[in-house]
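A.B. asks: One predicted model, sequence on top.
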Amino acid sequence: MKTLTPKEATDLAYNTTGALMLFHAREIFDHCFAARLGTGVGRDPTWARYCAAAACYNAGRVDGIRAERERRKKGKRKNKEGGVRNGGTHHHCD
């Protein structure tokens, strides 16, 4: 799997981050940060912050995967309803 470079992530953050996304990320971050500190495994706040940041990153990946699956599922339904298979056109030989 090819991951985003830090520069790509920074560019995306500046170009696409809206208030709703920030609230969602903060909610995930806060929950994971508190959960990590509450495990008793490690009480290092720096480590907990990294774990919470990783959880936000993974949540974004999962959201993207789910959105892509939904998009493809809708496309398949449209193709079935319209009689088009495999996203292409029908070719007739006369």
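C.D. replies: Sure, I can see it.

A.B. asks: where's the nearest residue in space to L37 that is not next to it in sequence relative to A9, distance?
C.D. replies: Leaving aside its chain neighbours, L37 sits nearest to A48 (5.0 Å; criterion: Cβ to Cβ, 6 or more residues apart in numbering). Heads up, the C-betas are built off the backbone N, CA and C, glycines and all. Counting by Cβ to Cβ, to the nearest Å, the gap from A48 to A9 is 21 Å.

A.B. asks: Pick out whichever of these two has more residues nearby.
C.D. replies: Neighbour count, other Cβ atoms under 10 Å: between A48 and A9, A48 has more, with 20 against 13.

A.B. asks: now the helix or strand harbouring that one: mean pLDDT?
C.D. replies: For A48, the host element (DSSP states H and E) is helix 45-82. Averaging pLDDT along helix 45-82 yields 87.

A.B. asks: Show me what that helix is packed against.
C.D. replies: Applying 3 or more Cβ pairs under 8 Å, 6 or more residues apart in numbering; DSSP states H and E, we find helix 45-82 packed against helix 19-38.

A.B. asks: Outside of the helix it packs on itself, list whatever touches it.
C.D. replies: For helix 19-38, contacts defined as Cβ atoms under 8 Å, 6 or more residues apart in numbering pick out G42, R43, P45, W47, A48, R49, C51, A52, A53, A55, C56, A59.

A.B. asks: Tell me what angle that helix forms with helix 45-82.
C.D. replies: Taking axes from the mean of the first three to the mean of the last three Cα atoms, to 10 degrees, one finds that helix 19-38 is oriented at 130 degrees with respect to helix 45-82.

A.B. asks: Adjust the sequence numbering to begin at 27 for everything that follows.
C.D. replies: Okay, residue one is now 27; in that scheme the one you just asked about reads as helix 45-64.

A.B. asks: For helix 45-64, buried residues please.
C.D. replies: A51, I54, F55, C58, F59, R62, L63 (16 or more other Cβ atoms under 10 Å).

A.B. asks: roughly how far out does the helix or strand encompassing E34 sit from the chain middle?
C.D. replies: Using DSSP H and E, E34 maps to helix 32-42. Mean-position distance between helix 32-42 and its chain equals 14 Å (Cα atoms, centre = their mean, to the nearest Å).
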